[in-house]
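Colleague: My questions concern the predicted model and sequence given below.
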Amino acid sequence: MALAAGRAMLMRSGVRLGTQAAARGGNGARRFMNHRVVVEPNTVPGVAVIKFKNPPVNSLTLEFLTEFVICLEKLENDKTFRGVVLTSDCPGIFSAGLDLREMCGKNPAHYAEYWRAVQEMWLKVYLSNLVLVAAINGTSPAGGCLIALSCDYRVLADNPRYRMGLNETLLGLVVPFWFKDTLVNTIGHRASERALQLGLLFPPAEALQLGMVDQVVPEDQVQSTALSVMTQWLAIPDHVRQLTKNMIRKATADHLIKHQEADIQNFINFISRDSIQKSLQVYLENLKQKKH
Ligand SMILES: CCCCCCCC/C=C\C=C\CC(=O)SCCNC(=O)CCNC(=O)[C@H](O)C(C)(C)COP(=O)(O)OP(=O)(O)OC[C@H]1O[C@@H](n2cnc3c(N)ncnc32)[C@H](O)[C@@H]1OP(=O)(O)O
């Protein structure tokens, strides 16, 4: 998505870009702050850390998606950055996935705008020229898992309470084909068949065994491990690594690009069904109930 389109989307969503602040951190590094996404240059030269900060659960609201894409676009355009670590500022949750309230009780125009933002976010992450390492420091179902799967490398915290996977069927939803493609490209066809149909959410040991993540490490070492992995990836010259990444990922991305408008229309038709709306409302209600 062009930066200008993202800005326009932010304006439509009532987010003021003027509130973005730049400050200097303790090490003198410049630190960009939006509402929901914090970007910090790190001690590793050329590497930024993006922290998702959309409490309580880092759900992927329209505003969050827009800020996230703009942040990535800025980092890609700033030649001082070659790699980004994605992590969460919300304790115990990497991202709860797509924001269910964006898909409930809204009109078709909203669903179209939201789904385009989800598509654009995925294309931006999946095809990024930067090395992206996910430092997964919490639970990451569905859209949260998709973000991690779209990175180049995944480090997950060794906490048995954390779960990762594409659980759409448990919400009464059909997994979008490009979510499915991303999973199949990562863990293979047979494992995806089972995981997707059953909507499985895997604890760290199983996620590692399946190849859904590359490393499981103690919780307090997730970010440091991601940064040391990054150093290894940055030892490869950018242009050959980027061409290789593009060669591997292009067909999957092109599949969505070619069918982007049809995919939006399918989403609108699907999500607007009374039965789907009811399922989502019940799911949200159950999330509330479990607190009591
Ligand atoms: C024919 C072909 C057509 C193809 C069409 C394709 C259609 C595809 C459509 C959609 C695809 C969607 C993919 C997704 O990403 S769906 C989202 C999946 N996410 C989940 O299932 C996670 C749900 N949340 C949880 O399990 C928990 O909240 C958890 C993340 C584990 C955190 O638990 P906890 O710390 O106990 O926090 P709470 O449950 O109390 O939650 C705090 C508040 O946050 C609200 N919440 C949680 N998740 C979401 C969410 N995803 N969206 C919006 N809001 C969320 C929750 O309701 C609480 O709110 P409140 O305090 O007001 O009660």
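Modeller: Cool, got the structure.

Colleague: Residue nearest the middle of this protein, spatially speaking?
Modeller: For the chain, the residue whose C-alpha lies nearest the mean C-alpha position (Cα atoms, centre = their mean) is residue 147; its distance is 2.6 Å.

Colleague: mind listing what's buried in stretch 217-229?
Modeller: When neighbours are counted by 16 or more other Cβ atoms under 10 Å, the buried residues of stretch 217-229 are found to be 217, 222, 223, 225, 226, 227, 229. Where C-beta positions appear, they are placed from N, C-alpha and C, glycine not excepted.

Colleague: Including pLDDT and secondary structure, could those go into CSV?
Modeller: As requested, these are exported to CSV (pLDDT from 0 to 100; DSSP: H, G, I helix; E, B strand; the rest coil):
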residue, pLDDT, secondary structure
217, 98, strand
222, 98, helix
223, 97, helix
225, 98, helix
226, 98, helix
227, 97, helix
229, 97, helix
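
Colleague: These into a markdown table, with extra columns for distance to the ligand?
Modeller: What follows is those, written out as a markdown table (distance: Cβ to the nearest ligand atom, whole Å):
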| residue | distance to the ligand |
| --- | --- |
| 217 | 21 |
| 222 | 18 |
| 223 | 20 |
| 225 | 23 |
| 226 | 21 |
| 227 | 26 |
| 229 | 26 |
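
Colleague: Need the max-distance pair from those residues.
Modeller: By the measure Cβ to Cβ, 217 and 227 form the most distant pair in those, at 11.9 Å.

Colleague: Compute the first-to-last residue distance for stretch 67-85.
Modeller: Distances were taken as Cα to Cα, to the nearest Å; on that basis the terminal residues of stretch 67-85 are 16 Å apart.

Colleague: Would you mind listing the buried residues in it?
Modeller: 67-73, 75, 81-85.

Colleague: Just the ones in strands from those residues, please.
Modeller: With strands defined by DSSP state E, the entries of the buried residues of stretch 67-85 inside them are 83, 84, 85.

Colleague: Turn these into CSV, including distance to the ligand and pLDDT.
Modeller: Listed next are these as CSV, based on distance: Cβ to the nearest ligand atom, whole Å; pLDDT from 0 to 100:
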residue, distance to the ligand, pLDDT
83, 26, 97
84, 22, 98
85, 21, 98
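
Colleague: Close to the ligand: what parts of the stretch 101-250 of the chain are there?
Modeller: 101, 139, 141, 142, 143, 167, 168, 171, 173, 174, 176 (Cβ under 6 Å from any ligand atom).

Colleague: Lovely, talk soon.
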